[in-house]
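Asks: After the sequence you'll find the predicted model.
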Amino acid sequence: MNKLKVAIIQMIVVKDKMKNIEKASDFIKNVIKEDIDIAVLPEMFLCPYDQSNFPIYAEKEGEISYLLLSEIAKQNNIYLVAGSVPEKDDDGNIFNTSYVFDPNGIKIAKHRKVHLFDIDIENGQYFKESDTLDAGNEVTVFDTKFGKIGLCICYDFRFPELSRLMVDKGAKAIIVPAAFNMTTGPAHWELLFRCRAVDNQVYTIGCASARDNSATYISYGNSIAVSPFGEVLVHMNEKEGYSISSLDFDYVDKVRGELPLIAHRRLDIY
Ligand SMILES: NC(=O)CC(=O)C(=O)O
């Protein structure tokens, strides 16, 4: 069982949390006819991506949104990488968190965004996640019946060390719920997904929210899937929709065997 089909759900995010969950659910019910194994949702798909929204929309693990997402995985008998949501802990800290559910609706992974997105680009994008969010501290890789998959959230993917650590832990694909913007998206989005795929010889999957020009933060969209050889398998536009990619984890082994970058590392000198 080394082949799997991944659905990227590139949805518009609206202000009503429950409408976002309903939309994710409707997309998945529709896409299931394509015999998918995993569905991926975008970063912060329950609330418009704005640091002031995170405390307002935050829920603890196990509360209503979590339960509904677990139910979506179970009802559709798929793995669900549930984008990311604002998560509140018992001390009131808030994290940008991605939950992963298996086809029984059991949580099998949880990644809290490790690198907070604090940027200020002249004549471009400003954002300061650290105004309202705390950072996670863990490298996340989860096991599936197909093999191991790494998980990080948007800005995390810019840090090559994190992807390499996931690969060291056995990841053959890296899934990234994300929301690049109109400054950084055109400049870096495809470049990063191809770069990380080629350096690490893994599939890379980026699931962004669809573009909403009326939002305070405008998502670039352009969800993408890249093969371990750097081939772009899927590159969506900015509009709402979904795409399917077929991943073959034997192909990862083949690429790593033929062009043995991982084996050829000189860990004695770096
Ligand atoms: N939204 C993010 O976390 C990151 C991003 O937009 C970027 O790195 O660019």
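Replies: Received the coordinates, thanks.
Asks: any idea where the strands of the stretch 51-200 of the chain begin and end?
Replies: 79-81, 85-88, 94-101, 107-112, 118-120, 126-128, 140-143, 148-151, 173-178 (DSSP state E, counting those that start in this stretch).
Asks: helices and strands around the third one, which ones?
Replies: The one in question is strand 94-101. helix 53-57, helix 64-76, strand 79-81, strand 85-88, strand 107-112 (3 or more C-beta pairs under 8 Å, 6 or more residues apart in numbering; DSSP states H and E). C-beta here means a position set from N, CA and C on the backbone, and glycine is covered the same way.
Asks: Identify the residues contacting the second one?
Replies: Read it as helix 64-76. By C-beta atoms under 8 Å, 6 or more residues apart in numbering, the residues outside helix 64-76 that reach it are 17, 21, 24-25, 28-29, 32, 39, 46, 59, 79-80, 82, 85, 99, 101-107.
Asks: Burial check on residue 33, number of neighbours?
Replies: Counted by other C-beta atoms under 10 Å, the residues lying close to residue 33 total 7.
Asks: how much space is there between it and residue 244?
Replies: Going from residue 33 to residue 244 by C-beta to C-beta, to the nearest Å gives 11 Å.
Asks: so how far is stretch 250-261 off the chain centroid?
Replies: Centroid separation for stretch 250-261 versus its chain: 24 Å, with C-alpha atoms, centre = their mean, to the nearest Å.
Asks: With stretch 156-165 instead?
Replies: On C-alpha atoms, centre = their mean, the centre of stretch 156-165 falls 13 Å from the chain's centre.
Asks: wait, does it make contact with the ligand?
Replies: Yes: Stretch 156-165 is in contact with the ligand by C-beta under 6 Å from any ligand atom, via residue 158.
Asks: circling back: highest average neighbour count across the helices and strands packed on strand 94-101?
Replies: Ranked by mean neighbour count, the helices and strands packed on strand 94-101 are led by strand 79-81 with a mean of 27 (mean count of other C-beta atoms under 10 Å).
Asks: Now stretch 199-214: average pLDDT?
Replies: Computed over stretch 199-214, the mean pLDDT rounds to 98.
Asks: again with stretch 172-187
Replies: On average, stretch 172-187 scores 98.
Asks: how long is it end to end?
Replies: In stretch 172-187, first residue to last residue: 26 Å (C-alpha to C-alpha, to the nearest Å).
Asks: Save the strands of the stretch 51-200 of the chain as a markdown table, and put in distance to the ligand too.
Replies: Putting the strands of the stretch 51-200 of the chain into a markdown table (distance: least, C-beta to the nearest ligand atom, whole Å) gives the following:
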| stretch | distance to the ligand |
| --- | --- |
| strand 79-81 | 16 |
| strand 85-88 | 13 |
| strand 94-101 | 8 |
| strand 107-112 | 13 |
| strand 118-120 | 7 |
| strand 126-128 | 7 |
| strand 140-143 | 16 |
| strand 148-151 | 14 |
| strand 173-178 | 6 |
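Asks: Buried residues, the lengthiest helix in the chain. List them.
Replies: As assigned by DSSP state H, the longest helix anywhere in the chain is helix 184-200. Using 16 or more other C-beta atoms under 10 Å as the test for burial, helix 184-200 gives 184-185, 189-190, 192-198, 200.
Asks: After it, which helix or strand is next?
Replies: Per DSSP states H and E, the first helix or strand lying C-terminal to helix 184-200 is strand 203-208.
Asks: Within the helices and strands, which one has residue 230?
Replies: Using DSSP H and E, no helix or strand contains residue 230.
Asks: shouldn't it be in contact with residue 196?
Replies: No: contact criterion C-beta atoms under 8 Å: residue 230 and residue 196 do not qualify, at 9.8 Å.
Asks: re the thing from before, could you dump the helices and strands packed on strand 94-101 into TSV with distance to residue 166 and mean pLDDT added?
Replies: Converted to TSV, the helices and strands packed on strand 94-101 look like this (distance: least, C-beta to C-beta, whole Å; pLDDT from 0 to 100):
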stretch	distance to residue 166	mean pLDDT
helix 53-57	25	98
helix 64-76	22	98
strand 79-81	14	98
strand 85-88	21	98
strand 107-112	10	98
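Asks: Format those as JSON lines; extra columns: distance to residue 12.
Replies: As requested, the helices and strands packed on strand 94-101 are exported to JSON lines (distance: least, C-beta to C-beta, whole Å):
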{"stretch": "helix 53-57", "distance to residue 12": "15"}
{"stretch": "helix 64-76", "distance to residue 12": "18"}
{"stretch": "strand 79-81", "distance to residue 12": "19"}
{"stretch": "strand 85-88", "distance to residue 12": "16"}
{"stretch": "strand 107-112", "distance to residue 12": "24"}
